[in-house]
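Undergrad: next come a sequence and a model predicted from it.
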Amino acid sequence: MEDERVAKVTEELELERQIVGVRFLVYEKDFENSTAEAVKGKNRLCGYVNKANHGARIKVVLGNFSCTGGPNQTGMSQASESHISGQGMKHCGLYTDLGIGREICDSFSRIPQKIFALEIGPLSKMEEADVVIILGMAEQIMRIMEGYAFHYGVPKPLISAGNGAMCSDMTAKPFMRNDINLSVMCCGARTSTVSGHGELGVGMPSHMFRYVADGVLSTAGSRV
């Protein structure tokens, strides 16, 4: 799909992980027609992205998830009342009361239409994708944001609360807001992707990638 651009950006930024594409397989027939490898076990969405970071191109359905976040945010299942109310967030120990837990839950983006499955893989191996995810060190992600600003200017407010990083920050939010989003990651994403202390993530709708890539290459060596 974007193999030449991916190669140029990866080389320019010296990315250690492959740039990942996520495709929403809306119908069961889309899943059947996808040539990606069907997963048999269970993992988190961030774990599947980690596999794609290292070359795997896979497709997953609801039963392949060991967490609720990935399916909830990407349209494969509906969030529970406990999650929507903030009760689950309060009891996880990260927030002081129900109101804050509810606010955090409200900040998550959810794809409202029913999605049957996801295809996840290196963007260079994808025939098509809906969202592009890049993980890298802080300076590398800074360069991505520079590339974005080259063509698009200032993005919509970036939303990341250190929770729901892969499923909301880098997948659902870019898709639903039709804009780039920066993520400081979360404990689950850092564990599943074996991220270093200085790694961050960014997600964007796939149609933006070619312009962001051009911006990265165009701004190389330019500093204020």
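TA: Thanks, I have the structure now. Numbers count the residues shown, from 1 in each chain.
Undergrad: please name the nearest non-neighbouring residue to the residue nearest to the spatial centre of the chain.
TA: Nearest to the geometric centre of the chain sits Met170, at 2.9 Å (Cα atoms, centre = their mean). Of all residues not flanking Met170 in the chain, Gly203 sits nearest, at 3.2 Å (Cβ to Cβ, 6 or more residues apart in numbering). All C-beta atoms are positioned from the backbone trio N, CA, C, and that covers glycine.
Undergrad: repeat for Cys186
TA: The shortest distance from Cys186 to any non-neighbouring residue, by Cβ to Cβ, 6+ apart, is to Ala165 (4.0 Å).
Undergrad: okay, Ser66: pLDDT?
TA: Here, the pLDDT recorded for Ser66 equals 94.
Undergrad: pLDDT below threshold where in this protein?
TA: 1, 82-91, 223-224 (pLDDT under 70).
Undergrad: can you pull out the helices in it?
TA: Using DSSP state H, the helices found in the chain span residues 3-13, 28-33, 45-53, 69-74, 81-85, 87-91, 98-107, 138-152, 173-177, 187-193, 206-218.
Undergrad: helices or strands up against the third one?
TA: Secondary-structure packing of helix 45-53 (3 or more Cβ pairs under 8 Å, 6 or more residues apart in numbering; DSSP states H and E): strand 20-25, strand 58-61, helix 69-74, strand 117-122, strand 131-137, helix 187-193.
Undergrad: tell me how far stretch 60-77 is from the chain's mean position?
TA: 14 Å (Cα atoms, centre = their mean, to the nearest Å).
Undergrad: great, nothing more from me.
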